[in-house]
Structures are given as structure tokens and as C-alpha cells.
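Engineer: Fold the following for me, if possible:
(3 chains)
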Amino acid sequence: MTADASSPFPGWDGSIAGARALQAQLAAQVSLQDAFAEPLRTVAGFDVGFEDQGETTRAAVVLLDAGTRQPLESHVARLPTSMPYVPGLLSFRELPALLQALAMLSRPPDLAMVDGQGIAHPRRLGIAAHLGVATGLPSLGVAKTLLAGRFDEPGPERGDRNPILHRGELVGYALRSKPRCNPLIVSPGHRVSLETAVALTLRFLAGYRLPEPTRLADRLASRRDAAA
DNA sequence: GCGACAG
DNA sequence: ATCTTGTCGC
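Structural biologist: Coordinates of the predicted model:
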């Protein structure tokens, strides 16, 4: 047969050029208007790590109560790594495992917070935006470093931020989440506005550089001793 | 043409 | 991302 209907990337021919073309197409479906449940009940944090020298992709998801910020459940999905890391095409390498982890939740989250870029991406489709469009879930990206664009160093206090501009467009904010720590790169994924992406990130901070959803998923995806 | 380049 | 201990600084 030809195309695999179960593929997370419908229509993709497997090529680099094809992946970029698909990104441009999906990016047009991204909405930057706030459209998520209010009050927010739950938020899920996502991140990916690797085992066996990269041969196995390990995706982690942690569902938290939006009110208390306490974790409700967490899962880990393992899949054989299918492609190498190519700057700008991260989602084609990590999204399949992430979707697998998402499916393990007892219920869908009201919001998805992903370790990586939202629209702060060359073609406006970082992994957080890709996950949002692919699932229809509201999403935002919280990355540790910049991929595209530029910004001026934000002030030293928690909450200080500066815009990230790429080709003249505002695509996100460099946010100081904690004093003496490098700023977080925050951008909308899907159904979340630029301003709300920052507000949500601040809302889920709990004393660490990374917000709880992403911080907990990070540990589960990358620490050798993590259970589940 | 020369760098930069999420995880 | 991952390979990997201690160490400097707040």
C-alpha cells in the first residue's frame, strides 16, 4: 500500500523538503486566539529523552491539577528512534512518541505545555504548535534556548521579559522565570495567545527555572532512575 | 557564500 | 538529546 493513515504526518513523503512543506501547511492552521477551558482544570507537561545511545525515544507526560499544581498521573512511552535530529524538524523526530504518551492519559488535558518551541520557529511550527494542530489541543512551548529570531536580555527579576522577533514578527517572549538563570523561550502553540503563553508559564512556576509541567516531564524523560 | 541551528 | 565528577558561585 502507499500512505499510512495512522501516521502523525499525513501526506508526508519522508523527505526533508516534504517535511518543511508540511510544516508550512500546518502552520496556517495555528490559532493564536485564546480558546481553552476556563477555569483550567488540568495541564499536561511533555518532554522527550533518549536511551540506548539514541536508538530508543522516550516520551514522558505528566498531568497536573491546574489549581493545586500537584501531579495527578504520569506515563512514559518508548518507541524506536526513526530519524536523526535536524534543526527545525524536531517534531518529526519526537512527536510520534509524544502522541503515544498523550494517549496513555486517562483523560485529555485542558492544555499541553511542551518542552520546545511553539511558533518561535523558522516556519512557525515548532513541536508545541505541531502537537496542538495535530491533536486540536490548546498548547504552548517553553524552550530552554532560542531557535529562531532574536531578543534583548530581559531584566533580572522573575517575570521580566522581552519580545522575540523573527523576520519582523513577534513570535514569543524571552522570560526570566528565576533570578540568575537564563531566560525561558516562551511561545504560543495553538489556541493560546502570545500574552497568555507568558501568563500561563508564570502561573505554573514553583521555584525552579522550568514550570512544573515541563520540569516534571523533563525528569521523567531524562533521568535514568525515573519509574513508570 | 558564511554562520546559526529547539532537543 | 547524550557521554559524565567535581567544582565554583550565589
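
Engineer: For the helix ranked longest in chain A, name the packing helices and strands.
Structural biologist: With secondary structure taken from DSSP state H, chain A has its longest helix at helix A:90-103. Helix A:90-103 is packed against strand A:42-51, strand A:56-65, strand A:71-80, helix A:127-135, with contacts defined by 3 or more Cβ pairs under 8 Å, 6 or more residues apart in numbering; DSSP states H and E. Every C-beta, even on glycine, is put in place using the N, C-alpha and C of the backbone.

Engineer: who does the helix or strand that the shortest one is followed by pair up with?
Structural biologist: With elements assigned by DSSP states H and E, the helix or strand that comes after helix A:127-135 is strand A:139-143. Each strand that strand A:139-143 pairs with, and the sense of that pairing, follows from DSSP bridges: strand A:112-114 (parallel), strand A:184-190 (antiparallel).

Engineer: what residues are up against the residue of chain A found nearest DNA strand C?
Structural biologist: Closest to DNA strand C within chain A is A:G49: 3.2 Å, counting by Cβ to the nearest atom of the strand. Shown in contact with A:G49 (Cβ atoms under 8 Å, 6 or more residues apart in numbering): A:R58, A:A60, A:A221, A:S222.

Engineer: quick one on the thing from earlier: between the helices and strands packed on helix A:90-103, which one is closest to A:V86.
Structural biologist: Closest to A:V86 of those is helix A:127-135 (Cβ to Cβ; 12.6 Å).

Engineer: wait, does that closest one contact DNA strand C?
Structural biologist: No: Helix A:127-135 lies out of reach of DNA strand C by Cβ under 7 Å from any atom of the strand, never closer than 11.9 Å.

Engineer: buried residues in that helix?
Structural biologist: Under the neighbour-count criterion of 16 or more other Cβ atoms under 10 Å, helix A:127-135 has A:I127, A:A128, A:A129, A:H130, A:L131, A:G132, A:V133, A:A134, A:T135 buried.

Engineer: Keep these, but drop any that are not near DNA strand B.
Structural biologist: Filtering those for proximity to DNA strand B (criterion: Cβ under 7 Å from any atom of the strand) leaves A:I127, A:A128.

Engineer: can you list the buried residues of helix A:127-135 in JSON lines and add pLDDT?
Structural biologist: Shown next, in JSON lines, are the buried residues of helix A:127-135 (pLDDT from 0 to 100):
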{"residue": "A:I127", "pLDDT": "98"}
{"residue": "A:A128", "pLDDT": "98"}
{"residue": "A:A129", "pLDDT": "98"}
{"residue": "A:H130", "pLDDT": "98"}
{"residue": "A:L131", "pLDDT": "98"}
{"residue": "A:G132", "pLDDT": "98"}
{"residue": "A:V133", "pLDDT": "98"}
{"residue": "A:A134", "pLDDT": "98"}
{"residue": "A:T135", "pLDDT": "98"}
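
Engineer: Kindly state the beta-bridge partners for the most centrally placed residue in chain A.
Structural biologist: Centrality entry for chain A: nearest residue to the mean C-alpha point is A:V114, 2.2 Å, by Cα atoms, centre = their mean. For A:V114, the beta-bridge partners under DSSP bridges are A:F46, A:G141.
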